[in-house]
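sharing a model prediction with you, sequence too.
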Amino acid sequence: SYMTHLNEKSEEINEAIINAGDSSDSFVFVTDTHNVSNEMRSPALIKYLLSKTLVNKVIHGGDVIGTYNRSSYSANKAGVKKDLEGMFRFVENINPLGKLLTVRGNHDVCSYGTAATVYGLTNGVVRSMFMDKFNPSKDIVLNEADEAGSYFYYDNNRSRIRYIVFDTTDTASSSGETIQGVGNTQMTWIITQAVNTVPAGYNLVFVVHIPVVQNAASDSSWTLYGNVRTLCDAIKHKRNGVVINGVTYSFSTLRADLLMVIGGHTHGDVETYVDGVLHVSTSSDAHVGNSVKYSLFSDSKFKGKTVGEISEQLFDVVVISQENDTISLIRVGDSGYSRVFSLTQRTVAVGSTIQLPSTGVASWQVSDSDGLIYADTGHTPNIPIPATTRISISGGGLVTGLASGEALACATMSDGKTRKFYYIYVQ
């Protein structure tokens, strides 16, 4: 039942937070609710978890709005009304117990343009909705000079983590079609006002809607978000003379580490490490009757959603442990796995071996990790595992380096509910 599941998860979440140490942080991450296509039980489930656990933040990863034809706002008015009413339920349930931070998704542009076009809503109006109503916390920092800007940062001064929230669809074409990408105005502000001003002793988490790595065989995210990945690499490796959107920056004196980039959009559980940076996505909370679309390592745990059952809604509770160098995503909902990511780089030479922790592991899988191609919602859900040219692994967790580059090792644990991921660099 829901209550049994939630009570078990509450205990698991509290234990994970306590074990994470003094510099830990945690939040609920729910995304792609597409409220018109959602039974909308998650606001109440999240409220219950907030009341029973040490979690005090919720990040909505975007795509509040459903999918509509581009005819007119009046034709889609009833659906948009349900979308907004669903988001008000999140605000009402979460606001008394914790902070709500909301990312703008590609469906949330509503107007599909910078002026009043097919939906009759301007980007400025959407920005007001998201930044004023759907981000009720008053301690987020915005670019006040950008009237249509839906990007910001938020500081947790106890755990010393700065969350930088991107708008991954911040422009539109002359015909009003949403364009995926991060433009000059946003990128300049994020670098100069959010990254370069981070206080000493803080680390960074990037929050996006559309992942900035490749998401589908026909997807162009790898090209469109190259500027964001360049920024990720520059922060991670403290580079000098980095050119982003035609401007040269230096990050050599930046002391902050980039812990991860987290997003949604793909309606799947995906994970990879690119240039040493963890990129992770959480499946959609919407679309009753559909499966969790896919995972890099799909199996029977990725199953359909049934009204009234535990699988109906889906979100993660993220626990960041800077002391243990791990990030855990605890799955709420009976589809997919809880995931634990090691932030420690493990290095192996070609032809040499290293041992990964193997206690409690039922099986291992491996993959090359930079620039992976994932299936998207329009593609076959259970995709083949990508190339495994860089490492091999024994049943006991012994990794052999095969070719230089980045790789990912996935351990499915014997509890049948958890997976652990390790970043391997082959030199």
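That came in fine, so what should we check first?

what's the helix or strand for the residue lying closest to residue 280 once chain neighbours are set aside?
Spatial nearest neighbour of residue 280, excluding adjacent residues (C-beta to C-beta, 6 or more residues apart in numbering): residue 271 at 4.8 Å. The C-beta positions use only the backbone N, C-alpha and C, and glycine is treated the same way. In this assignment (DSSP states H and E), residue 271 forms part of strand 270-274.

from what I can see the residue nearest to residue 280 touches residue 283, true?
No. Between residue 271 and residue 283 there is no contact under C-beta atoms under 8 Å: 11.8 Å.

okay, those two: which has more neighbours?
residue 283 (29 against 24; other C-beta atoms under 10 Å).

hang on, the more buried one is in a helix, isn't it?
No. Under DSSP: H, G, I helix; E, B strand; the rest coil, residue 283 sits outside any helix and is assigned coil.

please shift the residue numbers so they start at 37 in all later answers.
Sure thing, new numbering starts at 37, so read that last one as residue 319.

and the strand holding residue 307, which strands flank it?
strand 313-317 (antiparallel) (DSSP bridges).

CA atoms of the strand holding residue 307 as PDB?
Only the C-alpha atoms of strand 306-310 are listed here, as PDB (Å, rounded to 0.1, in the frame of the first residue of the first chain):
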ATOM      1  CA  VAL A 306      19.600   7.900 -17.200                       C
ATOM      2  CA  GLU A 307      23.100   8.400 -15.800                       C
ATOM      3  CA  THR A 308      26.600   9.100 -17.200                       C
ATOM      4  CA  TYR A 309      29.900  10.800 -16.300                       C
ATOM      5  CA  VAL A 310      31.200  13.200 -18.900                       C
END
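
give the buried residues for it.
306, 307, 308, 309, 310 (16 or more other C-beta atoms under 10 Å).

out of these, flag the one nearest to residue 270.
Distances from residue 270 to the buried residues of strand 306-310, taken as C-beta to C-beta, are shortest for residue 310 (13.0 Å).

surely the closest one and residue 404 touch.
No. Between residue 310 and residue 404 there is no contact under C-beta under 8 Å: 11.0 Å.

which residues do these two both contact?
Residues touching both residue 310 and residue 404 (C-beta atoms under 8 Å, 6 or more residues apart in numbering) are residue 442.

tell me where the protein is predicted with low confidence.
103-112, 145-159, 208-214, 250-256, 324-330, 406-423 (pLDDT under 70).

residue ranges of the helices in it, please?
38-55, 78-88, 113-130, 159-164, 220-225, 257-260, 262-273 (DSSP state H).

now do the same contact list for the residue nearest to residue 78 when sequence neighbours are not counted.
In space, and not counting its chain neighbours, residue 78 is closest to residue 349: 4.6 Å by C-beta to C-beta, 6+ apart. Residue 349 makes contact with 75, 77, 78, 81, 321, 341, 368, 369, according to C-beta under 8 Å, 6+ apart.

let's see that with 6 Å instead.
Listed by C-beta atoms under 6 Å, 6 or more residues apart in numbering, the contact partners of residue 349 are 77, 78, 321, 369.

for residue 459, see how far away it is.
30 Å (C-beta to C-beta, to the nearest Å).

longest strand in this protein, please.
The longest strand of the chain (DSSP state E) is strand 374-384.

what about the strand holding residue 307, distance to the chain center?
Here strand 306-310 is found 11 Å from its chain centre; the criterion is C-alpha atoms, centre = their mean, to the nearest Å.

how about stretch 59-77?
What separates the centre of stretch 59-77 from the centre of its chain is 11 Å, taken as C-alpha atoms, centre = their mean.

mind listing what the longest strand of the chain pairs with, with the direction of each?
strand 362-368 (antiparallel), strand 454-462 (parallel).

so what's the residue of the chain most remote from its centre closest to, chain neighbours aside?
Within the chain, the residue lying farthest from the chain centre (C-alpha atoms, centre = their mean) is residue 387, at 34.7 Å. Excluding the flanking residues, the one nearest residue 387 by C-beta to C-beta, 6+ apart is residue 437, at 6.3 Å.

how about that neighbour, what does it touch?
Counting by C-beta under 6 Å, 6+ apart, residue 437 has contacts 384, 385, 386, 388, 462.

equivalent analysis for residue 385, please.
Here residue 385 is in contact with 437, 463 (C-beta under 6 Å, 6+ apart).

just checking, residue 200 touches residue 189?
Yes. Contact criterion C-beta atoms under 6 Å: residue 200 and residue 189 qualify, at 4.7 Å.

between those two, which contacts overlap?
residue 230.

residues near residue 432, how many?
Residue 432 - counted by other C-beta under 10 Å - has 10 other residues nearby.

rewinding a little: and the angle for the strand holding residue 307 with helix 262-273?
When axes from the mean of the first three to the mean of the last three C-alpha atoms, to 10 degrees is applied, the directions of strand 306-310 and helix 262-273 differ by 60 degrees.
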